[in-house]
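Q: I'll drop the sequence and a predicted model, then ask my questions.
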Amino acid sequence: MPVQVGRELLPPGTPIDLSNCDREPIHIPGSVQPRGALLVLREPELHVLQASASAAALLGRLLDDLLDAPLADALGAGPAAEVARFASTFGDVRDRNPLELSLQVGGRSVGVDAILHRVRLDPDGPRAGSMLVVELEAAFGPRPFSFPNTYQAVRGAVAELNRATALQELYDLTAHSVKALTGFDRVMIYRYDADYNGEVVAEAREPELEPFLGLHYPASDIPRQARELYEKNWIRLIDDVGYVPSPISPTLNPLTGRPLDLTYSTLRSVSPIHVEYLRNMGVQASMSISLLRGDKLWGLIACHHYAGPHAPPYGVRAAAEFLGSTLSLRLGDRAEDEELHRALAARSTMAALTRATLDEDVSLTQALLAGPTLLDLVPADGLVVALEGEVTRVGKVPAPDVVERVVAWACDTGQDVVASEQLSAVAGLEVPEDVASGVLAVPLPEGQTVLWFRDEVTRSVDWGGNPHDKVTAQVEEEVIRLSPRKSFARWREVVRGRCEPWSAEQLQLAAQVRTTVVEALWARSRRAVRAAETLQRALLPGTLPDPAGWSIGARYSPSAGGRVGGDWYDAFELRDGRLALVLGDVAGHGLAAAGTMAQLRNALRAVLVESGDPAAALGRLDTLVEWLLPDALATAAVVVVDPRDGRGSAAAAGHPAPIVLAPDCAPAQLELAAGPPLGVGLGAPAAVALELPPGACLCLYSDGMVERRSESLDVGLARLQRNLASSDIDEVFLRTRDPESEDDATLLILKREPHLPG
């Protein structure tokens with residue numbers, strides 16, 4: 001069964017062309033490149049389970065004689081013993097590659113590099129344990145590739161990278177260092193944009209070659225499943241694009257009954273579409289090295305050779321991979337430094353704007369446009385601020401009737417922040433391109449709004465071939481087949497009608513502006529109830545995360561008298577991909593409780609983003625309440641869950657423990673110690689680990705959900721636990737909550753979808 005990557009992959013052996021190559025199971029090609037040989041060994045006996053056809057030629061034995069034979073029969077007793085010792089050493093064998101062996105083949109000594117990795121068998125499958133994959137590459141040239149020479153080459157390049165101060169200098173140094181080290185005719189640094197279109201940002205090449213620097217390539221040139229392999233196996237070599245694949249025998253692995261997963265193989269045979277793509281470019285050999293930021297693919301070091309086959313030895317490839325890792329680290333450090341600098345500057349501007357809004361002697365519009373302004377926070381060509389019945393226009397903005405249409409469109413989306421880079425493409429707006437091409441809109445209560453407008457930015461994009469003509473139809477044996485484009489000549493596209501893109505940071509800043517403005521509107525409002533409701537809507541999440549395989553639902557209701565209280569909930573994704581869920585309760589009702597809730601919600605969100613630890617975050621919040629809000633009485637529960645495996649941790653400060661409902665298990669509260677509320681000064685509470693298997697749900701709630709005057713708390717808890725079996729959160733809320741309660745009530749439920757059969 002092929003593993004799914006994004007879309008469902010095709011069964012092995014399906015004919016591949018550009019109509020289906022994004023579903024090709026490239027990790028199980030069933031063959032290897034013939035520059036070396038592959039052996040799959042059963043552990044711990046080290047008997048040969050599978051072998052590539054090329055193994056017979058390299059080892060001087062018949063393929064049938066290799067299969068099911070001890071490794072000593074294939075390599076000889078001495079080399080087999082060396083492999084056994086190497087594989088039994090503590091740690092990951094991939095980190096210690098290669099193992100240098102000397103084989104006796106046909107009466108002569110043959111030097112090879114053995115490259116090993118281990119494949120773990122499914123513990124729930126018919127066989128447990130592991131298999132050892134041994135790939136043999138014949139040594140050539142000076143052997144071993146001198147470690148001092150490799151070290152000197154890499155050390156010099158790393159030193160230069162460490163001295164580099166400009167981003168382009170980092171790119172250029174890496175490209176020239178990898179070319180000098182590997183001997184490829186062309187080495188490019190290839191950077192992805194947000195949509196995985198690529199751009200050549202640096203290049204080292206032989207002088208007679210046409211330059212590729214600055215060319216762009218569409219995302220379809222490297223399909224999604226190929227990018228995901230690059231995130232796991234950081235280097236890939238094709239020494240000869242004209243190679244004939246060497247099949248692996250038997251086709252199905254005897255222990256798994258499936259084709260062998262070659263994700264971590266150095267000899268893995270590549271997609272025929274990719275080989276055709278390289279041939280169309282005139283490339284005879286290629287090598288790619290992944291550039292990662294964290295564990296996500298940022299770009300590639302792409303190496304091309306045109307004069308013929310080219311196979312740098314493993315030591316050279318490892319050195320080049322090390323340079324790629326070094327560049328990845330430097331790029332990550334630089335990106336984090338730039339993000340921190342931007343964040344500090346934005347935080348300073350945001351703090352100044354927030355302070356200005358507290359001065360009720362000036363209008364809210366004046367507060368946002370005097371001193372540091374909204375245009376200092378988010379650069380734009382024009383700004384419209386419509387607050388408290390006052391409309392102010394700054395810079396270049398559309399006519400009032402056009403602005404009204406834009407505001408109506410933004411409000412109709414139902415989103416807190418709305419952005420467009422191409423207003424001319426939005427039906428019904430009729431915004432002239434020479435007036436404004438893009439908008440960042442913050443719809444606010446009662447028709448109020450903040451709008452940033454940007455002018456058109458005309459851009460020229462140079463593509464490697466026409467990106468809109470990516471395929472060629474060929475007739476092969478009376479069948480029409482779609483193959484890669486044959487022309488990679490520079491093709492210039494002029495992009496018009498678009499503004500400079502709104503960055504993710506700018507969208508977040510606009511959301512912060514919205515929260516600040518809503519809070520200021522609340523503070524200035526003479527109608528206390530409406531102001532409190534406005535604040536409540538602004539601070540509770542407008543949208544909840546929607547991770548694959550999970551669902552999050554929340555419900556809030558004020559007390560029976562309609563008074564807004566201090567309940568709040570929150571759910572958001574942390575920087576490492578984990579989900580944070582929060583439910584808190586501030587004692588009291590009205591503006592005071594809502595104001596305290598706002599401070600606690602924002603503070604807890606900030607420390608959770610920083611630490612990612614529920615107990616540590618509540619400890620920090622406890623200190624804040626103790627020193628800055630000594631009169632507040634508040635409780636909170638925090639859960640952090642990794643959506644990849646359902647594992648996480650939970651902590652609470654004076655709040656009811658969350659309830660977990662797992663398949664085939666009775667619902668139960670987490671065994672959290674009943675600690676004091678926030679502000680007592682006891683620091684971080686104890687945390688407990690949790691695991692949500694498929695089909696499980698986690699419920700956080702406020703005491704207003706389970707308390708009723710006429711019954712004990714245990715009865716209310718039991719009612720909530722029974723009702724959690726319902727798949728409808730509204731039904732759970734209505735069946736559990738007392739409609740006559742004098743306390744507000746909040747419910748937050750996280751569900752993991754069950755595994756579907758088949």
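A: Noted; the coordinates are in hand. Numbering: from 1, shown residues only.
Q: Could you check the pLDDT of the residue nearest the centre of the chain?
A: Closest to where the C-alpha atoms of the chain average out (CA atoms, centre = their mean) is Lys296, at 6.2 Å. You'll see Lys296 listed with a pLDDT of 83.
Q: That one reaches Glu228, doesn't it?
A: No. Lys296 is not in contact with Glu228 according to CB atoms under 8 Å; the separation is 10.2 Å. C-beta coordinates here come from the backbone N, C-alpha and C atoms, glycine included.
Q: my guess is Leu161 meets Arg330, correct?
A: Yes. The pair Leu161 / Arg330 is scored as a contact, 5.8 Å apart, by CB under 8 Å.
Q: joint contacts of those two?
A: Leu170 (CB atoms under 8 Å, 6 or more residues apart in numbering).
Q: in what helix or strand does Val407 lie?
A: helix 400-412 (DSSP states H and E).
Q: Counting by contacts, list what that helix packs against.
A: Other elements packing on helix 400-412 under the criterion 3 or more CB pairs under 8 Å, 6 or more residues apart in numbering; DSSP states H and E are strand 438-443, strand 449-454.
Q: For the closest residue in space to Leu170 that isn't next to it in sequence, give its distance to Arg575.
A: Spatial nearest neighbour of Leu170, chain neighbours left out: Ala164 (4.9 Å); criterion: CB to CB, 6 or more residues apart in numbering. With distances taken as CB to CB, to the nearest Å, Ala164 is found 26 Å from Arg575.
Q: Those two: which is more packed in?
A: Ranked by neighbour count (other CB atoms under 10 Å), Ala164 and Arg575 place Ala164 first, with 18 against 9.
Q: show me what contacts the more buried one?
A: Ala164 neighbours (CB under 8 Å, 6+ apart): 170, 173, 330.
Q: Repeat that for Tyr230.
A: So Tyr230 contacts 236, 288, 290, 297, 300 (CB under 8 Å, 6+ apart).
Q: can you check Ala571 too?
A: Residues near Ala571 by CB under 8 Å, 6+ apart: 541, 544-545, 552, 554, 579-582, 748, 750.
Q: For it, name its beta-bridge partners.
A: Beta-bridge partners recorded for Ala571 (DSSP bridges): Leu581.
Q: how near is it to Pro547?
A: Distance from Ala571 to Pro547, by CB to CB: 10 Å.
Q: Mutual contacts of those two, please.
A: Common neighbours of Ala571 and Pro547 (CB under 8 Å, 6+ apart) are Leu579.
Q: Could you find the closest non-adjacent residue to Ala745?
A: Leaving aside its sequence neighbours, Ala745 sits nearest to Gly704 (CB to CB, 6+ apart; 3.6 Å).
Q: next SSE after the longest helix seen in the chain?
A: Scanning the chain for the longest helix, with DSSP state H as the assignment, gives helix 314-357. Tracing the chain C-terminally past helix 314-357 and defining elements by DSSP H and E, one meets helix 364-369 next.
Q: For that following helix, list the C-alpha coordinates in PDB.
A: What follows is helix 364-369 as a C-alpha-only set of coordinates in PDB (Å, rounded to 0.1, in the frame of the first residue of the first chain):
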ATOM      1  CA  LEU A 364      -9.500  58.000  19.000                       C
ATOM      2  CA  THR A 365      -8.700  58.900  15.500                       C
ATOM      3  CA  GLN A 366      -6.200  61.600  16.600                       C
ATOM      4  CA  ALA A 367      -4.700  59.100  19.000                       C
ATOM      5  CA  LEU A 368      -4.000  56.700  16.100                       C
ATOM      6  CA  LEU A 369      -2.600  59.300  13.800                       C
END
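Q: helices or strands next to that helix in the packing?
A: Against helix 364-369 (3+ CB pairs under 8 Å, 6+ apart) you get helix 314-357, strand 382-387, strand 390-395, helix 504-524.
Q: Quick one: closest of these to Leu121.
A: helix 314-357 (26.7 Å; CB to CB).
Q: Three-state assignment for Ser177, please.
A: helix (DSSP: H, G, I helix; E, B strand; the rest coil).
Q: can you pull the contacts of it?
A: Ser177 neighbours (CB under 8 Å, 6+ apart): 153, 156-157, 160, 323.
Q: one step back: rank the contacts of Tyr230 by pLDDT and give me only the lowest.
A: Leu297 (83).
Q: Lowest-scoring secondary structure element of the chain by mean pLDDT?
A: Using mean pLDDT, DSSP states H and E, the weakest-scoring helix or strand in the chain turns out to be strand 479-484, at a mean of 40.
Q: In the chain, spot the strand with the most residues.
A: Counting residues, the longest strand found in the chain (DSSP state E) is strand 108-120.
Q: Give me the contacts around that strand.
A: Contacts of strand 108-120 (CB under 8 Å, 6+ apart): 40, 43, 58, 83, 86-87, 92-94, 97-104, 130-139, 143, 260-261, 264-266, 313-315.
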